[in-house]
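Trainee: Next one to model:
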Amino acid sequence: MQKSTDTETGELGLVDGVVRFINHEATAGFVLAVAAIAAVIADNIGALAPLYDSLLTTPITVQIGTIGLSKPLILWVNDGLMAVFFFLVGLEIKREVMEGHLSSADQLVLPGFAAVGGMVVPAAIYLYIVSHSSDTELVRGWAIPAATDIAFALGALALLGTRAPLTLKIFLLTLATLDDLGAIVIIALFYTENVSLMSLILALGAVLMLALLNLSGVRRVAPYLFVGVCMWVFVLKSGVHATLAGVILAFAVPLKEPSGTPIVEKLEHGLHPYVVWAILPLFAFANAGVSFAGLSMTAMLEALPLAIAAGLTVGKPVGIVAMAMIAVGLGLAKLPAGTRWAHIVGVAFLAGIGFTMSLFIGMLAFEADEHSKAVRLGVIAGSLISAVIGFLILRLTRPVTEEASPNLK
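Mentor: Modelled structure (predicted):
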């Protein structure tokens, strides 16, 4: 009888362990890493490489009557599934602005300054390096190192446990959220194709319909989703990147029911596991494949991968720390409670984990295959170096004691 009880206890312990792993903040980054490694392996094994390439280029058609869309699988992932990811990002931004860490001006000053530096300086370093290249087309990639992968960055921070103060997590989350907001604006303004006026008018009509639903007090999610899907098709056809439809739809969804029951938060919780366990890993698998065939050590010294990696590993931490110092020095902000400057430096390196967002912008900037390998090489190398340095700095940083002043140490 005792043996049976011990077995049941062991099984419950295993289940609890699996649940804790699934819910752990580091899990998202772990799953992304596995998907990226699988893509690299698939693209470098002779028998698998042709299958990997043919899988990504497999045409998929969705058609209703005479109206239809036909795209290769990789574009369904990048234009379709990533629209769902941006929908989730938009929901998170809306909730943070309405009642979270972005709702107070005091909470925004330090991460706001840091986010600006974390976007401008990497872009400047990138442009400086590619300006010495004869390939003028490389300028289009200036925004690649300006992005931060929230899942990876927060996952790396979560691995530190109690050595990372809660206030530091809030700082990184706010910084990365503002960074994502900046990336959304950049995509909208700088990475669009030839615009179809008629499709754009139809898309704007859908936006007005969403606004009308919101102002009319409609609280059911289904009408918003129906109009949102139509808007996605119109935006896709217009030449503006289709993932922006996800953000617009998120901003239109009401925050709460009249009774106070959350709508946005419920949608977030519902979408989160699908995004973490399916959409982002699929994106990573589809876009992280780098063939090392014929690749020498000097490949990293070529303009494009070097500019991306330098922007992530040097530009991000320099820009974030410099602007944070300016904000604190001018008396506009204080360091988060329980942190010292070494914590900010460590987080600044973690913000250099561009991975998903950097790859996404890189695919928008350089659609030609001739640059895709260099983009992936630069993003993966820069993100990996940033993650290791940031983790080590935070791991070696002593916790702040009650007597210590976080603004002096």
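
Trainee: What average pLDDT does stretch 360-380 get?
Mentor: Stretch 360-380 shows a mean pLDDT of 84.

Trainee: so how far does it reach from one end to the other?
Mentor: One end of stretch 360-380 sits 12 Å from the other (Cα to Cα, to the nearest Å).

Trainee: again with stretch 328-346
Mentor: With Cα to Cα as the measure, stretch 328-346 spans 17 Å from end to end.

Trainee: which residues sit against it?
Mentor: With Cβ atoms under 8 Å, 6 or more residues apart in numbering as the test, stretch 328-346 has contacts from 109-110, 113-114, 164-168, 170-171, 317, 320-321, 324, 327, 390-391, 393-394, 397, 399-400, 404, 406-407, 409. Just so you know, the C-beta spots here come from the backbone N, C-alpha and C atoms, and that holds for glycine as well.

Trainee: Can you select the buried ones from those in PyMOL?
Mentor: Burial among these is assessed by 16 or more other Cβ atoms under 10 Å; the matching PyMOL selection reads:
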select buried, resi 109+110+113+114+164+165+168+170+171+317+320+321+324+327+390+391+393+394+397+400+406
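
Trainee: Can you flag which of the contacts of stretch 328-346 belong to helices?
Mentor: Judged by DSSP state H, these include 109-110, 113-114, 166-168, 170-171, 317, 320-321, 324, 327, 390-391, 393-394 as members of helices.

Trainee: contacting residues for the residue sitting nearest the centre point of the chain?
Mentor: In the chain, the centroid-proximal residue (Cα atoms, centre = their mean) is residue 149; its distance is 3.7 Å. With contacts taken as Cβ under 8 Å, 6+ apart, residue 149 has the following neighbours: 32, 353-358, 383.

Trainee: Skip the chain neighbours and tell me the closest residue to it.
Mentor: Excluding the flanking residues, the one nearest residue 149 by Cβ to Cβ, 6 or more residues apart in numbering is residue 355, at 4.1 Å.

Trainee: Test my guess that that neighbour contacts residue 379.
Mentor: Yes - counting by Cβ atoms under 8 Å, residue 355 touches residue 379, with 6.4 Å between them.

Trainee: Please identify which of these two sits among more neighbours.
Mentor: Neighbours were counted for residue 355 and for residue 379 using other Cβ atoms under 10 Å; residue 379 has more, 33 against 30.

Trainee: Shouldn't residue 60 be within a strand?
Mentor: Yes - Residue 60 sits within a strand when classified using DSSP: H, G, I helix; E, B strand; the rest coil.

Trainee: So it versus residue 276, what's the distance?
Mentor: In this view, residue 60 and residue 276 are 23 Å apart by Cβ to Cβ, to the nearest Å.

Trainee: So these two - more neighbours on which side?
Mentor: Between residue 60 and residue 276, counted using other Cβ under 10 Å, the more crowded position is residue 276 (19 against 12).

Trainee: Next up, the contacts around residue 221.
Mentor: Shown in contact with residue 221 (Cβ under 8 Å, 6+ apart): 253, 263, 267.

Trainee: So it versus residue 375, what's the distance?
Mentor: 36 Å.

Trainee: quick one: the residue nearest to residue 379 when sequence neighbours are not counted and residue 36, what's the gap?
Mentor: Of all residues not flanking residue 379 in the chain, residue 358 sits nearest, at 4.5 Å (Cβ to Cβ, 6+ apart). Separation of residue 358 from residue 36 (Cβ to Cβ): 12 Å.
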